[in-house]
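# What follows is a protein structure lacking sequence information:
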Ligand SMILES: NC(=O)C1=CN([C@@H]2O[C@H](COP(=O)(O)OP(=O)(O)OC[C@H]3O[C@@H](n4cnc5c(N)ncnc54)[C@H](OP(=O)(O)O)[C@@H]3O)[C@@H](O)[C@H]2O)C=CC1
Ligand SMILES: O=C(O)[C@H](O)COP(=O)(O)O
């Protein structure tokens, strides 16, 4: 059995039409480690003609794959999951190197992804259509039946972000394949080495030629070519709201699932279990250094509970370790200088606006110590903008209504947490919040991965989560029998 060794520099190629290929002009992108700055590998920068070739291969392979029995598609996915898990150390190490995720979380991501693929395989064989009879409609004819089946959309374009380079790629690719589609996979550039390694395990599992094609290259260069390609039948994108919204404008009538940014609030009432709230909020805000769409990005706490909550949060935030991903530090360097400089601007502006910095405020390049701000004003940018870094603003509120208003005034609507011991209050607030999901007494998060995951407003469109994803890659096909 092949296992992938951990090499020093990985010169990876792309899977096009079933062959691992270098690109024609030999244009490559060299990737550096966000943590050490060392070169860790390179991937081809494809051009328009190569994208055409990838789409053509995907269109060809899809026709046969659609006819492949469901149980055979399921077996491919199960073999893929096993191969992936066998390589968890090697692939986890590359995730750690290319996106500076702490080692244990990087390896967990590989295992989580294998589990997702297995669950998708099991659930995928249970996606069935339905039969409608004409006489169930008032005055309808008895001899008329509609067989409503679910058919694949065709060629799916899967565009993934850097922060979960495996999981947010496989959560598009696996359900698309299971439902009979072929795939064009555009990994995040910083994340493409591990993305390609995952494709190597899929190929080893017996992927038919041309069924998944990998198109590496900067989104700013090949993004429009992919998104506006007339051979693409569905787009599934996870990434920034700006990128996703402009993509939707360009893609026209192609169906899309978009998972975008967030500004998830944690609303804490005076009757909450504050130890639990502090633990959940710290984990929710600072894991992977806050670079998660579902990170808790602001705390809205009732004035009566604020002093105690802030003291507990401060203690937990100060206990987070700051350092290198290979040392399994909780807080690691941010993905790039642009993200780090943006975060610095937010921190500086929040201080200038008069908020209290309760923790150390230190930066070394892309590495920040985690910052907890108290007494943040809703006039500050940080009350509304997404830092994608280890900083948490606490905004004190006078009552529930004010908390709900600040939560809903956001352009985003991904998730929200409500901490209270009164389930009726929790329900009442949950009903008011304009978000995809509300977590009662827990941190905001996507998993377990069969739960529906969605954002409203500028946080997205469509739903992911195993069964929901499977459905999103199919459409109804109606055959009416007139007897
Ligand atoms: N809701 C969610 O589930 C998630 C949301 N996010 C959000 O994403 C942002 C950060 O992630 P990040 O990866 O930087 O997001 P980006 O939107 O910059 O990139 C996401 C993906 O889109 C590609 N891309 C970039 N420009 C284009 C384009 N014009 N056309 C097509 N594809 C393009 C990128 O390629 P390349 O890498 O080559 O630039 C990458 O593969 C944050 O705002 C965060 O909230 C992130 C993760 C999950
Ligand atoms: O992209 C993200 O940030 C994720 O979809 C969030 O996933 P998580 O809640 O499991 O971290």
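Cool, the structure landed. These numbers were taken from a predicted model, which means no experiment stands behind them. Numbers count the residues shown, from 1 in each chain. Ligands and ions are numbered 1, 2, ... in the order given.
# So which bits of this protein are right by ligand 2?
By Cβ under 6 Å from any ligand atom, the residues of the chain that approach ligand 2 are 163-164, 168, 238, 292-294, 445-447. In this view, the C-beta of every residue, glycine as well, is placed from N, C-alpha and C.
# Rebuild the residues you listed as JSON lines, extending it with neighbour count.
Shown next, in JSON lines, are the residues of the chain next to ligand 2 (neighbours: other Cβ atoms under 10 Å):
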{"residue": "163", "neighbour count": "23"}
{"residue": "164", "neighbour count": "26"}
{"residue": "168", "neighbour count": "28"}
{"residue": "238", "neighbour count": "26"}
{"residue": "292", "neighbour count": "21"}
{"residue": "293", "neighbour count": "30"}
{"residue": "294", "neighbour count": "23"}
{"residue": "445", "neighbour count": "21"}
{"residue": "446", "neighbour count": "21"}
{"residue": "447", "neighbour count": "13"}
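# near ligand 1, which of the residues you listed show up?
Within the residues of the chain next to ligand 2, those near ligand 1 by Cβ under 6 Å from any ligand atom are 163, 238, 293.
# which helix of this protein spans the most residues?
Counting by DSSP state H, the longest helix found in the chain is helix 103-124.
# so does it get close to ligand 1?
No: using Cβ under 6 Å from any ligand atom, helix 103-124 never reaches ligand 1; the gap is at least 12.9 Å.
# all strands in the stretch 101-250 of the chain, in order from the N-terminus.
Using DSSP state E, counting those that start in this stretch, the strands found in the stretch 101-250 of the chain span residues 130-133, 144-152, 155-159, 182-186, 212-214, 234-238.
# Out of the residues of the chain next to ligand 2, which is nearest to residue 410?
Minimum distance to residue 410 across these is 13.4 Å, recorded for residue 293 (Cβ to Cβ).
# Does that closest one fall in a helix, a strand, or a coil region?
coil (DSSP: H, G, I helix; E, B strand; the rest coil).
# now it, nearest residue through space, not along the chain?
The spatial neighbour of residue 293 that comes closest, neighbours along the chain excluded (Cβ to Cβ, 6 or more residues apart in numbering), is residue 262 at 4.8 Å.
# show me what contacts the one you found?
Contacts for residue 262 were tallied using Cβ atoms under 8 Å, 6 or more residues apart in numbering; they are 293-295, 297, 386, 412-415, 444, 455, 459.
# Ligand 1: which of the ones next to ligand 1 among the residues of the chain next to ligand 2 is nearest?
residue 293 (3.1 Å; Cβ to the nearest ligand atom).
# per-residue confidence at that closest one?
If you check residue 293, the pLDDT there is 98.
# That one contacts residue 260, correct?
Yes: counting by Cβ atoms under 8 Å, residue 293 touches residue 260, with 7.2 Å between them.
# what residues do those two have in common as contacts?
Taking Cβ under 8 Å, 6+ apart as the contact rule, residue 293 and residue 260 both touch 238, 414, 455, 459.
# Surely the third one and residue 413 touch.
Yes: between residue 455 and residue 413 a contact is recorded at 5.9 Å, counting by Cβ under 8 Å.
# list the residues that contact both of these two?
Contacts common to residue 455 and residue 413, judged by Cβ under 8 Å, 6+ apart, are 262, 435-436.
# so which of these comes closest to ligand 2?
residue 262 (8.0 Å).
# Helix or strand: which one has the closest one?
Residue 262 is part of no helix or strand, with elements assigned from DSSP states H and E.
# What pLDDT is listed against it?
At residue 262, the pLDDT value in this model is 98.
# could you dump the ones next to ligand 1 among the residues of the chain next to ligand 2 to CSV with distance to residue 474?
Putting these into CSV (distance: Cβ to Cβ, whole Å) gives the following:
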residue, distance to residue 474
163, 28
238, 20
293, 25
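# coming back round to it: Serialize the strands of the stretch 101-250 of the chain to a markdown table and add fields for mean pLDDT and distance to residue 26.
Conversion of those to a markdown table gives the following (pLDDT from 0 to 100; distance: least, Cβ to Cβ, whole Å):
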| stretch | mean pLDDT | distance to residue 26 |
| --- | --- | --- |
| strand 130-133 | 97 | 52 |
| strand 144-152 | 98 | 35 |
| strand 155-159 | 99 | 24 |
| strand 182-186 | 99 | 20 |
| strand 212-214 | 98 | 17 |
| strand 234-238 | 98 | 29 |
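# Redo those strands as TSV? Include distance to residue 71.
As requested, the strands of the stretch 101-250 of the chain are exported to TSV (distance: least, Cβ to Cβ, whole Å):
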stretch	distance to residue 71
strand 130-133	21
strand 144-152	16
strand 155-159	21
strand 182-186	19
strand 212-214	20
strand 234-238	24
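# Of all these, which one is nearest residue 288?
Nearest of those (Cβ to Cβ): strand 234-238, 14.5 Å.
# Residue 388: how many residues sit nearby?
Neighbour count for residue 388, taken as other Cβ atoms under 10 Å: 24.
# dump the residue contacts of the residue nearest to it when sequence neighbours are not counted.
Using Cβ to Cβ, 6+ apart and skipping the chain neighbours, the partner closest in space to residue 388 is residue 291 (5.3 Å). If you count contacts by Cβ under 8 Å, 6+ apart, residue 291 has them with 163, 334-335, 339, 388-389.
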